[in-house]
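>>> below: sequence and its predicted model.
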Amino acid sequence: MNMLGNNLSRQAIVKNELGLHARPAAMIAKVAIKAKSDVWLCREDEQVDASSIIDILSLACLKGTEVTLKIETPDDMDILNEIITLFENNFEEKR
């Protein structure tokens, strides 16, 4: 995972076989909703609210998709890191 220049965003790769389906989307949203400000999930030129399961699913992220997670304040760095950990751990799914 790479930190981008402003340290408020990180890139992740969807590694699990089924991509970002409902369960992983719910896991992301559950963490993002705890943030003090907005958390964004971006794919190419699309940006959605990471606290919305429907918004996350609308990105249609399959295995291998590169996404960027963005936060608006350094106060939410723990939220960003927790979501990145979900990606790194394949949302607790087998590869």
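Cool, the structure landed. Numbering: from 1, shown residues only.

>>> can you map out the helices along this structure?
22-32, 53-58, 77-88 (DSSP state H).

>>> where does this protein have low pLDDT?
1-6, 95 (pLDDT under 70).

>>> ok, back up a step: mean neighbour count, the helices of the chain: which tops it?
Stretch with highest mean neighbour count among those: helix 22-32 (a mean of 19; mean count of other CB atoms under 10 Å). C-beta coordinates here come from the backbone N, C-alpha and C atoms, glycine included.

>>> sorry, back to before: got TSV for the helices of the chain, with distance to C42 too?
Putting the helices of the chain into TSV (distance: least, CB to CB, whole Å) gives the following:
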stretch	distance to C42
helix 22-32	13
helix 53-58	11
helix 77-88	13
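
>>> for those helices, which one sits closest to L8?
Nearest to L8, of all the helices of the chain, is helix 77-88, at 7.5 Å by CB to CB.

>>> got the contact list for I13?
G64, T65, E66, V67, F87 (CB atoms under 8 Å, 6 or more residues apart in numbering).

>>> distance of it from E92?
16 Å (CB to CB, to the nearest Å).

>>> which residues touch D55?
Per CB under 8 Å, 6+ apart, neighbours of D55: L41, V48, D49.

>>> circling back: buried subset of the contacts of I13?
Using 16 or more other CB atoms under 10 Å as the burial test, the contacts of I13 include T65, V67, F87 as buried.

>>> do I have it right that T65 meets V14?
Yes: at 4.6 Å, T65 and V14 qualify as touching, with contact defined as CB atoms under 8 Å.

>>> what do the two both touch?
Common neighbours of T65 and V14 (CB under 8 Å, 6+ apart) are L20.

>>> could you tell me the end-to-end distance of stretch 49-64?
Start-to-end span of stretch 49-64 (CA to CA, to the nearest Å) is 21 Å.

>>> same question for stretch 56-65.
End to end - CA to CA - stretch 56-65 spans 13 Å.

>>> do the same with stretch 68-81
First-to-last residue span, stretch 68-81, CA to CA: 12 Å.

>>> give me every residue that touches C42.
V48, V67, T68, L69, K70.

>>> those, buried ones only, as a PyMOL selection?
Of the contacts of C42, the buried ones can be selected in PyMOL as follows, counting by 16+ other CB under 10 Å:
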select buried, resi 48+67+68+69+70
